[in-house]
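> Here's my sequence, what's the structure:
(one chain, ligands or ions: 1)
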Amino acid sequence: MTDNKIATVELGRGGPRVGVQGLGCMGISEFYGDTDEASARETLETALAAGVTLFDTADIYGSGANETFLAPFVGAHRDEITLATKFGIERREDDPDYRGVNNSPAYIRKAVEASLRRLNTDVIDLYYMHRHDTAVPFAESVGAMAELVREGKVKQLGLSEVTGAELREAHAVHPIAALQSEWSLFSRDVERSAVAAAAELGVTVVPYSPLGRGFLTGSFADAGKELAAGDFRASQPRMTGENAKANAALLEPVHKIAAAHGATAGQVALAWVQQRARVHGITVVPIPGTRKSHRLLENVGATRLTLTDDELALLEPIAGQVAGDRYQDMSLTSLARE
Ligand SMILES: NC(=O)c1ccc[n+]([C@@H]2O[C@H](COP(=O)([O-])OP(=O)(O)OC[C@H]3O[C@@H](n4cnc5c(N)ncnc54)[C@H](OP(=O)(O)O)[C@@H]3O)[C@@H](O)[C@H]2O)c1
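Sure, this is the predicted structure:
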C-alpha cells in the first residue's frame with residue numbers, strides 16, 4: 001500500500017485483498033440519468049489510482065451495456081482489479097419495469113457465458129446471484145455456481161439480498177465470499193440477520209447504495225421535486241414527494257457532523273457504514289457509485305474519517321425514522337423473507 005492509496009481488506013475468507021471501498025458502476029449505464037462516457041472512463045482510472053480495486057457490475061445494468069462499457073478497462077487492468085458481476089434478474093424488452101428472478105442451473109450457465117463475452121475476459125473474480133429464487137434450492141443454484149468455480153470461469157461466489165438463514169444454507173453448498181445488500185444510514189434491513197451470519201461465516205459484506213442512491217449526500221436539496229423521466233429513483237417511495245421532504249430533514253445531524261470534521265455529508269454516510277461493520281465484527285467493502293472523478297476522490301476520502309461514539313449515537317435513530325420503502329416492490333428484497 002502506498003500513501004495515496006486506500007487500505008485493503010481480504011474479500012471473503014482466504015480471498016484476494018481489495019481496496020476497502022469499491023466502485024459501483026451501475027449508474028454509468030442506467031438508472032440515474034445521462035452519463036458522460038469520457039468522465040465515466042476517467043472515473044474508473046481515478047478509482048484504480050486511488051486504490052479502489054473492486055469494480056461492481058451486473059448483467060442487467062443497461063441490459064448488458066454496463067459490462068460492455070467496462071470491457072476495455074478490464075482488459076487494460078485485468079490483473080490489478082477484482083471484477084464482480086451478477087446474474088439472476090430477467091428483464092423484458094416490451095416492459096422496462098418488469099423484473100423476474102431466475103436461478104435455474106441452465107439459466108446460470110447461459111448468463112455466465114454472456115457476461116464473460118461482454119466483459120471480454122475468461123474469468124469473473126466474484127460472481128453474484130443477484131436475487132434469490134426461492135423455487136430453486138441452493139443445492140441446485142449455488143451448486144451450479146460452484147461448478148463454474150471448478151471450471152475456472154469464476155473465482156469466488158456472492159449472494160445479494162439474502163437473509164442470514166439463506167446465507168448459511170448457501171454457504172453449506174459452497175463457500176460464499178461476499179454478501180451484497182443495501183446498507184446505509186437509511187437502510188438497515190441487513191442488520192436483522194444477515195450480518196450476524198456473515199460474521200459467523202467470514203463472509204465480506206458489500207453494502208450497495210451506501211449513499212442512499214445519492215440522497216445521503218444532501219444533493220437532493222430540492223427533495224420532493226419530480227425527478228427526471230427515466231430516473232429510477234422517481235419510482236422509490238422514499239425519494240419522492242412528501243416522503244422525500246421528510247427524509248431530507250433527517251439529514252440534519254449528518255450535515256452537523258460533516259461540518260465538525262470539515263467533511264461532506266456523503267463522507268459521513270460512508271464512514272458510518274465502515275464503523276457499523278466493526279460493531280458487527282465483519283469486513284465491509286462499500287461500493288458507492290459515481291461517474292465523476294472529483295466525487296470518487298471525495299468518497300474514498302471517507303475511508304480516513306472516524307466518527308466519535310457521540311456522533312454515532314446521533315446517527316443511530318435515523319433509519320428507524322425514514323418515510324417510505326426502499327423499493328416500490330419489496331418482494332425481491334431479503335426483508336420480504338425475514
Ligand atoms: N445488488 C443490488 O441489488 C444492487 C442494487 C443497487 C445498486 N447496486 C450496486 O451498488 C452500487 C452503488 O449503489 P447506487 O449507485 O445505487 O447508490 P449510491 O452509491 O448510494 O449513490 C449513487 C448516486 O450518488 C451520486 N453520488 C456519488 N457520490 C457522490 C458524491 N460524493 N456527492 C454527491 N453525489 C454523489 C451518484 O451520482 P454521479 O454518478 O452523478 O456521481 C449517484 O446518483 C451500484 O453502482 C451497483 O453496482 C447493487
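
> From now on I want contacts and neighbour counts done on CA atoms only, so please keep to that.
Noted.

> Can you give me the distance of I287 to the ligand?
Between I287 and the ligand the distance is 5 Å, computed by C-alpha to the nearest ligand atom, to the nearest Å.

> R213 is in contact with that residue, correct?
No - I287 is beyond contact range of R213, at 11.2 Å (criterion: C-alpha atoms under 8 Å).

> So for these two, which residue has more residues nearby?
Neighbour count, other C-alpha atoms under 10 Å: between I287 and R213, I287 has more, with 25 against 20.

> my hunch is that that one is in a helix, does that hold up?
No - according to DSSP: H, G, I helix; E, B strand; the rest coil, I287 belongs to no helix; its state is coil.

> Return the distance of stretch 317-333 from the chain's centre.
Chain-centre distance of stretch 317-333: 16 Å, with C-alpha atoms, centre = their mean, to the nearest Å.

> CA atoms of that stretch as CSV?
What follows is stretch 317-333, C-alpha atoms only, in CSV (Å, rounded to 0.1, in the frame of the first residue of the first chain):
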residue,chain,number,x,y,z
PRO,A,317,-32.2,6.7,15.1
ILE,A,318,-32.2,7.9,11.5
ALA,A,319,-33.0,4.6,9.7
GLY,A,320,-36.0,4.0,12.0
GLN,A,321,-37.5,7.3,11.0
VAL,A,322,-37.2,7.1,7.3
ALA,A,323,-40.5,7.5,5.5
GLY,A,324,-41.2,5.1,2.6
ASP,A,325,-39.8,1.8,1.5
ARG,A,326,-36.5,1.5,-0.4
TYR,A,327,-38.2,-0.2,-3.4
GLN,A,328,-41.7,0.2,-4.8
ASP,A,329,-41.9,-3.6,-4.9
MET,A,330,-40.2,-5.0,-1.8
SER,A,331,-41.0,-8.6,-2.7
LEU,A,332,-37.5,-9.1,-4.2
THR,A,333,-35.7,-8.0,-1.0
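
> What parts of the stretch 151-300 of the chain come near the ligand?
Proximity of the stretch 151-300 of the chain to the ligand, by C-alpha under 6 Å from any ligand atom, involves residues 160, 180-181, 208-214, 217, 219, 266, 287-292, 295, 298-299.

> Among the residues you listed, which lie within helices?
266, 295, 298-299 (DSSP state H).

> Common neighbours of I287 and R213, please.
Counting by C-alpha atoms under 8 Å, 6 or more residues apart in numbering, no residue touches both I287 and R213.

> Please name the residues that touch the residue nearest the centre of the chain.
In the chain, the C-alpha closest to the average C-alpha coordinate belongs to Y208, at a distance of 2.5 Å (C-alpha atoms, centre = their mean). For Y208, the contact set (C-alpha under 8 Å, 6+ apart) comprises 24, 180-183, 286-288.

> Neighbour-wise, give me the winner out of these.
Going by other C-alpha under 10 Å, P286 tops the contacts of Y208 with 29 neighbours.

> And it, how close does it get to A234?
To A234, P286 is 24 Å away according to C-alpha to C-alpha, to the nearest Å.
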